[in-house]
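> compute the structure for the input listed below.
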Amino acid sequence: MAKTSQEISLLFRKAKVDRSWSFDDNRSTDTWTHGFHRYPAKFLPELVKKLIERYAKKDDLVADLFAGCGTTLVESKIHGKRCVGVDINPVSRLITEAKTNAIEPRKLDRYFQKVLRDISKYKYDKSAIVQKHQRLVYWFGKRRRAKIDYLYKSIAGLRDKNVKIFFQCALSNILKNCSRWLQTSTKPQIDPDKKSADPFLAFKYQAKRMISQNKTYYNHLKAQKILSTSCKIKLADAKHTGIRSNSVGIIITSPPYVTSYEYADIHQLTGYWFSYFKNIHTFRRKFIGTFYSGNNSLVVNGALAQQTVQKLFSKDPRTAKEVANFFNDMDHWLSVG
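As a prediction, this is how the structure comes out:
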């Protein structure tokens, strides 16, 4: 027999609280390589760790179908578990590849010294034209653009693929600090009073911090003899992952939530610099539940969902449309899954 909301509420009040899932005062986002790159609404590493240790079997392939910045994949590799992640955002793939591919520390140091030597040779040429997307002129002053472009080209010239990805991730993470973007905002807006960071100084600090974290990560994997543990990140739609049927032992994921962040907007600086897209309007439409999908339907499956959308529409039509898009996108994802 279906329970009333009052009965359900009473059950929750009587339920015993397991404090081991609260992770009070935990700083796990700073462990291993989790702190390589800022990312809103991060999956708590300690939660993934606990789920793996409690539920994953010895030979399970761990999957994250909304991989984000790769938290599940890093924790899986730390535990010696084969893993695969999927995300539609190329910035997510960049971050995840940098975080999961442990690099031999001495090799990484050698490449870092090469980049530092390149930086020491830099001379500003005011006549040089940075051949990048025009939108970057909006976000960066000319001198900042010139230095970032110089760094970008220096890193692009590195021969080792994983090292190149590592330093591209470092460069990606400093772009917001070096731009006119309002520092405290996840929405794209200009801070007219901001004194943006110097790209070279910001990059050196970021790279050194990442190098230190990579060393700890690498040494742990080497000591546990799990350096070669398979870990893959696929740039794909969660509705069409390409992962072989019945190959996954456990899925640990944090799906998008209604009226979630517009990741296309948040990551547009990296997207433009790394030429991941030319038209952000088209790129936005690929994300689940986005306002920019072009879908104007307010019809959704489920009586409660439909009631929610209708109530919202009378107060805020835009939010109602976002919620309807989210319900329909997730319904489609579940049906194809």
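
> for the stretch 101-250 of the chain, which segments count as strands?
Per DSSP state E, counting those that start in this stretch, the stretch 101-250 of the chain has strands spanning 231-235, 250-251. These are given in chain order.

> will you turn the ones you listed into a markdown table that also has distance to H220, mean neighbour count and mean pLDDT?
Quick note: C-beta positions are derived from backbone N, CA and C, even for glycine. Rendered in a markdown table, the data for these read as follows (distance: least, CB to CB, whole Å; neighbours: other CB atoms under 10 Å; pLDDT from 0 to 100):
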| stretch | distance to H220 | mean neighbour count | mean pLDDT |
| --- | --- | --- | --- |
| strand 231-235 | 14 | 18 | 96 |
| strand 250-251 | 22 | 16 | 96 |
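
> okay if I get these as a markdown table plus distance to R110?
Conversion of the strands of the stretch 101-250 of the chain to a markdown table gives the following (distance: least, CB to CB, whole Å):
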| stretch | distance to R110 |
| --- | --- |
| strand 231-235 | 24 |
| strand 250-251 | 38 |
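
> quick one: closest of these to E46.
Nearest to E46, of all the strands of the stretch 101-250 of the chain, is strand 250-251, at 17.1 Å by CB to CB.

> ok, then the element right after that closest one?
helix 263-266 (DSSP states H and E).

> name the spans of the stretch 1-150 of the chain whose pLDDT lies under the cut-off.
The model of the stretch 1-150 of the chain has pLDDT under 70 over residues 1-6, 8, 25-28, 128-131.

> ok, which stretches of it are helices?
Along the stretch 1-150 of the chain, the segments classed as helices by DSSP state H, counting those that start in this stretch run 5-14, 45-55, 71-78, 90-100, 105-120, 135-139, 142-156.

> where do the domain boundaries of this protein fall?
19-101+227-255, 103-223, 263-336 (automatic domain parsing).

> tell me which of those lies nearest to F12.
In this view, the domains of the chain are compared for proximity to F12 by CB to CB, and domain 19-101+227-255 is the closest at 14.8 Å.

> chain center to that closest one, what's the gap?
11 Å (CA atoms, centre = their mean, to the nearest Å).

> dump the residue contacts of the spatially most central residue of the chain.
By CA atoms, centre = their mean, the chain has its centre lying nearest to C69, at 3.1 Å. The contact partners of C69, taken as CB atoms under 8 Å, 6 or more residues apart in numbering, are H37, Y39, K42, S92, I95, T96, K99.

> just the buried ones from those residues, in ChimeraX syntax?
Provided next is the ChimeraX selection string for whichever of those are buried by 16 or more other CB atoms under 10 Å:
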select :37,39,92,95,96,99
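
> tell me who's in contact with the residue found closest to H220 once you drop the neighbours it is linked to in the chain.
Leaving aside its sequence neighbours, H220 sits nearest to I78 (CB to CB, 6 or more residues apart in numbering; 6.9 Å). With contacts defined as CB under 8 Å, 6+ apart, I78 is in contact with W32, K49, Y217, H220, L221.

> against L61, how distant is I78?
When CB to CB, to the nearest Å is applied, the distance between I78 and L61 equals 16 Å.

> residues near A56, how many?
Here the neighbour count serves as a burial measure; for A56 (other CB atoms under 10 Å) it reads 18.

> wait, it sits on V248?
No - with contact defined as CB atoms under 8 Å, A56 does not count as touching V248 (10.9 Å).

> find residues that contact each of the two.
V62.

> ok, back up a step: let me have the contacts of I78 in a markdown table, extended by distance to K14 and neighbour count.
Shown next, in a markdown table, are those (distance: CB to CB, whole Å; neighbours: other CB atoms under 10 Å):
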| residue | distance to K14 | neighbour count |
| --- | --- | --- |
| W32 | 38 | 23 |
| K49 | 29 | 20 |
| Y217 | 43 | 24 |
| H220 | 42 | 15 |
| L221 | 44 | 18 |
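
> which of the residues you listed lies closest to R82?
Scanning the contacts of I78 for proximity to R82, where the rule is CB to CB, the winner is L221, at 13.6 Å.

> show me what contacts the closest residue in space to that closest one that isn't next to it in sequence?
Of all residues beyond its chain neighbours, the one nearest L221 is L227 (4.6 Å), with distances taken as CB to CB, 6+ apart. Taking CB under 8 Å, 6+ apart as the criterion, L227 is in contact with A102, Y218, L221.

> ok so, going back, farthest-apart pair in the contacts of I78, please.
Taking CB to CB as the measure, the contacts of I78 span a maximum distance of 15.3 Å, between K49 and L221.

> so for the residue nearest to L116 when sequence neighbours are not counted, what's the pLDDT?
Nearest-residue entry for L116: K204, 7.3 Å, with adjacent residues in sequence omitted and distances by CB to CB, 6+ apart. We have a pLDDT of 98 for K204.

> can you check the one 10 residues further on too?
At N214, the model reports a pLDDT of 98.

> isn't it right next to V163, touching?
No - assessed by CB under 8 Å, N214 is found out of contact with V163, at 10.3 Å.

> how far away is the residue nearest to L221 from R82?
When L227 is compared with R82 (using CB to CB), they lie 13 Å apart.

> then F274?
With distances taken as CB to CB, F274 is found 28 Å from R82.

> just give me the neighbour total for the closest residue to R38 other than its chain neighbours.
When the adjacent residues along the chain are set aside, R38 lies closest to N173, with 6.2 Å between them (CB to CB, 6+ apart). Other residues near N173 number 23, with proximity taken as other CB under 10 Å.
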